[in-house]
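>>> Need a 3D model of the following:
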Amino acid sequence: MTESDLDLAYTQLAQALTRVGDAQAPLFLSALCLSLISRQDAAAPVLALIEQAEQAARA
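Just a heads-up that it's a prediction; the model follows:
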């Protein structure tokens, strides 16, 4: 993904989170994550990203 693509995706994510609101954000993020996970070829990269995100959230 190019830097421009990444910026576009981040912007779309931020805008969608604003539209769904704080109360629905956890459901939205869960649905998005499950959709993205289902498109992966193997579990290992997904598990590593889950660990990385958990560590960032705990920091």
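>>> residues contacting F28?
For F28, the residues meeting the contact criterion (CB atoms under 8 Å, 6 or more residues apart in numbering) are A16, L17, V20. For the C-beta atoms, the positions are set from N, CA and C on the backbone; glycine is no exception.
>>> Put together JSON lines for the residues you listed, with neighbour count, pLDDT and secondary structure on each row.
Listed next are the contacts of F28 as JSON lines, based on neighbours: other CB atoms under 10 Å; pLDDT from 0 to 100; DSSP: H, G, I helix; E, B strand; the rest coil:
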{"residue": "A16", "neighbour count": "13", "pLDDT": "98", "secondary structure": "helix"}
{"residue": "L17", "neighbour count": "15", "pLDDT": "98", "secondary structure": "helix"}
{"residue": "V20", "neighbour count": "14", "pLDDT": "98", "secondary structure": "helix"}
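>>> of those, closest to L32?
Comparing those against L32 with CB to CB places A16 closest, at 8.4 Å.
>>> got a pLDDT number for the closest residue to the closest one other than its chain neighbours?
If you skip the residues right next to it in sequence, A16 has F28 as its closest partner in space, 6.9 Å away by CB to CB, 6 or more residues apart in numbering. Per-residue confidence (pLDDT) for F28: 98.
>>> Can you classify F28 as helix, strand or coil?
In terms of secondary structure, F28 is helix; the call rests on DSSP: H, G, I helix; E, B strand; the rest coil.
>>> can you give me the strands in this structure?
Residue ranges of strands cannot be listed for the chain, since DSSP state E assigns none.
>>> any idea which residue sits dead centre in it?
Central residue check for the chain by CA atoms, centre = their mean: the C-alpha nearest the mean position is that of C33, 5.4 Å away.
>>> burial measure for D22, as a count.
D22 has 8 neighbours, counted by other CB atoms under 10 Å.
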